[in-house]
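here is a sequence with its predicted model. Questions after.
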Amino acid sequence: ETILNTEQEFSGEFRFPGGMKDDLPFGTIPAPIIQASVGVIFDTDLLVRFVPSSTYQGSSFRLTGFGLKHNIMQYFGPLDRLPLNVSVLAAFSQANFEYNLAEINFAGGNENQKMSFEADTFTVQALASVDLPIISVFAGLGYNSGTSHFDMTGDYELDYDGMTVLRNFKDPISTTSESTGVMGVIGGRLNLLFLKIFANYTIQEYNTLTAGISFNFR
């Protein structure tokens, strides 16, 4: 007696949530950034940047970073009296983003469903700025190296083509990617006593525009 086993293929898909972009003005999320610099030795500043953990519609985001910036104008004698600053910067940052999928009844609605993303970035830059009493303009050229991790954890049910065939997936996605490349930045800052208004544009694999208001305390 011969028994033939046949396999039947099904195709299905996860329909991910649409996100929150349409609910926000300009498709952006404003976030407070705490940044401090402390002068150490040899005209070198220690920089610390911190974004407190913030939550929105089941998602959370936080960022930490630190770096060292060294002023090289001190090596050019009388040129250091000019309103020109040239420095080199080395910095590391880590960003973490999590999205609780259980809150939107996604793919079975199990309570342990979560997406998480982590990005570690190391940057080396040469920076130049012209600092006038009210306005400053700056530009820089550097090199970025980064590693990112994306994980989709928990238990998920997949419905194949609307049929009643269900399959459970546990921790279905875990990926790691690396990227390196040259980057450039250009921007300006308006100095109003302790208030500073700034904007800068970064040219890299994914171009970014950053703008904000900062308060300076000495």
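That came in fine, so what should we check first? Residues are numbered from 1 along each chain as shown.

residue closest to the middle of this structure?
Taking CA atoms, centre = their mean, the centroid of the chain lies closest to residue 95, which sits 5.4 Å from it.

surely that one meets residue 118?
Yes: using CB atoms under 8 Å, residue 95 is in contact with residue 118, at 7.1 Å. For glycine as for every other residue, the C-beta is placed from the backbone atoms N, C-alpha and C.

give the bridge partners for the residue nearest to the centre of the chain, please.
Applying DSSP bridges to residue 95 yields these beta-bridge partners: residue 63, residue 119.

enumerate every residue touching it.
Going by CB atoms under 8 Å, 6 or more residues apart in numbering, residue 95 touches 61-63, 117-119, 121.

from residue 150, how far out is it?
Distance, residue 95 to residue 150, using CB to CB, to the nearest Å: 12 Å.

cool, and residue 33?
Separation of residue 33 from residue 150 (CB to CB): 24 Å.

follow-up on the earlier one: hey, what's in contact with both of residue 95 and residue 150?
Jointly contacting residue 95 and residue 150 under the rule CB under 8 Å, 6+ apart are residue 117.

starting from the host helix or strand of residue 137, tell me which strands it pairs with and how they run.
Residue 137 is part of strand 135-153 when elements are defined by DSSP states H and E. Strand 135-153 sits in its sheet next to strand 114-131 (antiparallel), strand 173-192 (antiparallel), going by DSSP bridges.

C-terminal to the longest one, what's the next element?
Think strand 173-192. Next helix or strand after strand 173-192 toward the C-terminus (DSSP H and E): strand 195-203.

tell me the average confidence for that next one?
For strand 195-203, mean pLDDT rounds to 92.

kindly report the same for stretch 76-90.
Stretch 76-90 comes out with an average pLDDT of 88.

got it, and stretch 206-218?
According to the model, stretch 206-218 has a mean pLDDT of 78.

residues in contact with it?
With contacts defined as CB under 8 Å, 6+ apart, stretch 206-218 is touched by 33, 35, 187, 194-202.

repeat the analysis, applying 7 Å as the threshold.
By CB atoms under 7 Å, 6 or more residues apart in numbering, the surrounding residues in contact with stretch 206-218 are 194-202.

low-confidence stretches in this structure?
Within the chain, the ranges that satisfy pLDDT under 70 run 1-31, 103-110, 158-167, 216-218.

any chance of CSV for the contacts of residue 95, columns neighbour count and distance to residue 76?
Shown next, in CSV, are the contacts of residue 95 (neighbours: other CB atoms under 10 Å; distance: CB to CB, whole Å):
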residue, neighbour count, distance to residue 76
61, 18, 41
62, 16, 40
63, 18, 35
117, 15, 43
118, 15, 41
119, 17, 37
121, 16, 31
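
can I get the residues you listed in JSON lines with distance to residue 47?
Output for those, formatted as JSON lines (distance: CB to CB, whole Å):
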{"residue": "61", "distance to residue 47": "20"}
{"residue": "62", "distance to residue 47": "18"}
{"residue": "63", "distance to residue 47": "13"}
{"residue": "117", "distance to residue 47": "24"}
{"residue": "118", "distance to residue 47": "21"}
{"residue": "119", "distance to residue 47": "19"}
{"residue": "121", "distance to residue 47": "14"}
